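Peer 1: Below are the sequence and a predicted model; questions follow.
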Amino acid sequence: MVLIKVQNSTVVLFLNNLINVVSDESFTGEIGYKYMIIIIALALIVIGITGAIVYYGLVQIPASPPHVAVVQVLGERRNWVKGEGWRFFFGYPFLMDFVLVDRSNINVDFSPEQVRTPDNAELDIRISLTFHPDYQNPESLNVYLDNKGEAGVTNILKDVVSQRVLQWARSTTEGPQTWQEAQGKIVEAIEVILQKILGVNELTEEQKQNFTRGAGNCRLPSFGIVLDRLNVDKIAITGEMAAKAQKAAGEILEREAEIIELDHIGDRMNALKEKTGLSILEAANFVMADLGKVTKQVNDHNYKVQFPRGTGKALEEIAPLIRSALRGDRSLD
């Protein structure tokens, strides 16, 4: 904006001089009018060029999402950053230019491959982190661009973190020695990763808490970023060991269920024995049959009685007498 003011002041001064010359009494005649026309034409040219410079030099830096512009002079990046909004670049795009940088927070989620503990168990470690370009520091922002921006810095961070996690998990002197220990080492994993990234040997509890809740706000000049958050979201076993662990866990649950069921059966047996007076064996058979643990069998036996010949006719003759007797007919002998 300073350049605009200077140029405008120059134009005003030029016009004032032009007016003074034209109003001079000695500036008359045909020659005077020719000079006046030439001067007015030059003034219009100057005004037009100035307007074009201002018009083309004003550029809006996006605010949604928020961006900053790294200034370039004759194609070379400088340690000069302009923020969002309308900004002036003199001689744009030939003399001055810029590189836009998105300064929004960048979230990265990944899982290092082939992570194993000393007992050769394969682990799935889920890591997440958040960072943003160090846009308040022009030198760091140029380092960020030198590292190929978001994609390049993300790949570098993944490589650094993965290498440290692999080393920590496989070591026999630090980290977990078995997969069971690994599942309880999330806090330790966060600490060793942060120590590697930040280049420190020790972190305070406050620093660790700040990074886990997204308030780390730690500048990393070698990356050109500010690290805000780092978390280890999960440590779990995978592969063959996971199948074995799942099977063992299933067997434990099955045994626990059987114990609960046996306790229930015992309670029912004792209650049935007390109420009915059955023996413990009879109560056990009844309860087990009721629960479907044993099969109840009912054997039906059909018997056919053979009567002598002529018995059927005799029964037919005495049947009315039997019916009368059942009705209470006392006249029968």
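Peer 2: In hand now; what should we look at?
Peer 1: list the buried ones in the helix or strand containing Ile38?
Peer 2: Under the criterion of DSSP states H and E, Ile38 resides in helix 29-57. By 16 or more other CB atoms under 10 Å, the buried positions in helix 29-57 come out as Ile39, Ile53, Gly57. No exception for glycine: its C-beta is placed from N, CA and C like everyone else's.
Peer 1: How about stretch 137-156?
Peer 2: Quick answer for stretch 137-156 (16+ other CB under 10 Å): 137-138, 140-145, 147, 149-150, 153-154.
Peer 1: what would the residues you listed look like in TSV with distance to Val115, pLDDT and secondary structure?
Peer 2: Output for the buried residues of stretch 137-156, formatted as TSV (distance: CB to CB, whole Å; pLDDT from 0 to 100; DSSP: H, G, I helix; E, B strand; the rest coil):
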residue	distance to Val115	pLDDT	secondary structure
Asn137	35	95	coil
Pro138	39	96	helix
Ser140	32	96	helix
Leu141	34	96	helix
Asn142	35	97	helix
Val143	30	97	helix
Tyr144	29	97	helix
Leu145	32	97	helix
Asn147	26	96	coil
Gly149	28	95	helix
Glu150	25	96	helix
Val153	23	97	helix
Thr154	19	97	helix
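Peer 1: ok, the residues you listed vs Ile49, which is closest?
Peer 2: Using CB to CB, Pro138 comes nearest to Ile49 of those, at 30.8 Å.
Peer 1: wait, doesn't that closest one sit right on Arg77?
Peer 2: No. With contact defined as CB atoms under 8 Å, Pro138 does not reach Arg77; the gap is 9.3 Å.
Peer 1: Report the set of residues contacting both of the two.
Peer 2: Both Pro138 and Arg77 are contacted by Val70, under the criterion CB atoms under 8 Å, 6 or more residues apart in numbering.
Peer 1: mind listing the helices for the stretch 1-150 of the chain?
Peer 2: Assigned by DSSP state H, counting those that start in this stretch, the stretch 1-150 of the chain shows helices spanning 2-23, 29-57, 138-146, 149-170.
Peer 1: ok, of those, where does mean pLDDT dip lowest?
Peer 2: Lowest mean pLDDT within these: helix 2-23, a mean of 53.
Peer 1: what residue ranges in the stretch 201-333 of the chain score low on pLDDT?
Peer 2: Across the stretch 201-333 of the chain, the ranges flagged by pLDDT under 70 are 239, 241-258, 261-263, 272-273, 277, 280, 282-284, 286-288, 290-333.
Peer 1: Glu174: neighbour count?
Peer 2: The burial count assigned to Glu174 is 12, neighbours taken as other CB atoms under 10 Å.
Peer 1: residue contacts, the residue nearest to Asp134 when sequence neighbours are not counted?
Peer 2: The shortest distance from Asp134 to any non-neighbouring residue, by CB to CB, 6 or more residues apart in numbering, is to Ser140 (3.7 Å). Each residue near Ser140 by CB under 8 Å, 6+ apart is listed here: Pro133, Asp134, Arg219, Pro221, Gly224, Ile225.
Peer 1: hey, what's the residue nearest to the third one when sequence neighbours are not counted bridged with?
Peer 2: Right, Arg219. Closest residue to Arg219 apart from its sequence neighbours, by CB to CB, 6+ apart: Val226 at 5.4 Å. Beta-bridge pairing of Val226 under DSSP bridges involves His132, Arg219.
Peer 1: my guess is Val226 contacts Leu129, does it?
Peer 2: No. The criterion here is CB under 8 Å, and Val226 misses it with Leu129 at 11.7 Å.
Peer 1: ok, these two, which is more surrounded?
Peer 2: Leu129 (24 against 21).
Peer 1: I'd say that one and Asn105 touch.
Peer 2: No. With contact defined as CB under 8 Å, Leu129 does not count as touching Asn105 (10.6 Å).
Peer 1: What's the separation between Asn155 and Ser104?
Peer 2: 19 Å (CB to CB, to the nearest Å).
Peer 1: ditto for Pro66
Peer 2: 6 Å.
Peer 1: Among these two, which residue is more densely surrounded?
Peer 2: In this view Pro66 and Ser104 are compared by other CB under 10 Å, and Pro66 has more residues nearby, 15 against 12.
Peer 1: tally of neighbours for Asp267?
Peer 2: 11.
Peer 1: Let me see the backbone angles for it.
Peer 2: phi -60, psi -40 (degrees, to the nearest 10).
Peer 1: any idea how far it is from Ile260?
Peer 2: 11 Å.
Peer 1: And for Ala189?
Peer 2: For Ala189, the distance to Ile260 - CB to CB - is 37 Å.
Peer 1: who has more neighbours, those two?
Peer 2: In this view Ala189 and Ile260 are compared by other CB under 10 Å, and Ala189 has more residues nearby, 21 against 10.
Peer 1: ok, which stretches of this structure are strands?
Peer 2: 58-61, 67-73, 76-82, 85-88, 96-102, 106-110, 115-116, 122-133, 218-220, 225-238 (DSSP state E).
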